[in-house]
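Chemist: whatever this is, show me its structure:
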Amino acid sequence: MSQSPQAPAPSAAQLEAEIAEARSNLASTIEQLKAETTPQALVHRGVAKVKGVFTDEYGGIRPERVAIAAGVVVTLVVFRRWRRSRRCHCH
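Modeler: Residues are numbered from 1 along each chain as shown. Next up, the predicted model:
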């Protein structure tokens, strides 16, 4: 069996360059994560997600989904008022 030649050990300068590159990549990743988690970025993503539910891929409104959401809101409001009106008002 023939032995494969071993790769030469990296020099100190090469190791330092690799460490500096890794450090730079890490700093860049941390800055990106900080930018993505600002309150403004989170609000923007939330709004975009909600808009995505009520719009189609062309940006048009999906009336069936708007109608469903409106129906749910109306039902909840009516139910809440009905519950308040049935409470005993005796003192």
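
Chemist: from here on, just use CA atoms for contacts and neighbour counts.
Modeler: Noted.

Chemist: against Glu18, how distant is Leu26?
Modeler: 12 Å (CA to CA, to the nearest Å).

Chemist: swap that for Leu33, sorry
Modeler: Taking CA to CA, one finds Leu33 at 22 Å from Glu18.

Chemist: tell me, what residue is most central in the protein?
Modeler: For the chain, the residue nearest the mean C-alpha position is Arg45 (5.9 Å; CA atoms, centre = their mean).

Chemist: contact partners for that one?
Modeler: If you count contacts by CA atoms under 8 Å, 6 or more residues apart in numbering, Arg45 has none.

Chemist: return the alpha-carbon coordinates of the helix or strand harbouring it using CSV.
Modeler: Using DSSP states H and E, Arg45 maps to helix 39-54. In CSV, the C-alpha atoms belonging to helix 39-54 read as follows (Å, rounded to 0.1, in the frame of the first residue of the first chain):
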residue,chain,number,x,y,z
PRO,A,39,-38.7,46.4,16.1
GLN,A,40,-39.2,48.2,12.8
ALA,A,41,-38.1,45.1,10.8
LEU,A,42,-40.3,42.8,12.9
VAL,A,43,-43.4,45.1,12.3
HIS,A,44,-42.6,45.3,8.6
ARG,A,45,-42.5,41.5,8.4
GLY,A,46,-45.7,41.1,10.4
VAL,A,47,-47.5,43.6,8.2
ALA,A,48,-46.2,41.9,5.0
LYS,A,49,-47.4,38.5,6.4
VAL,A,50,-50.9,39.8,7.1
LYS,A,51,-51.1,41.5,3.7
GLY,A,52,-50.0,38.2,2.1
VAL,A,53,-53.1,36.5,3.6
PHE,A,54,-55.5,39.1,2.1
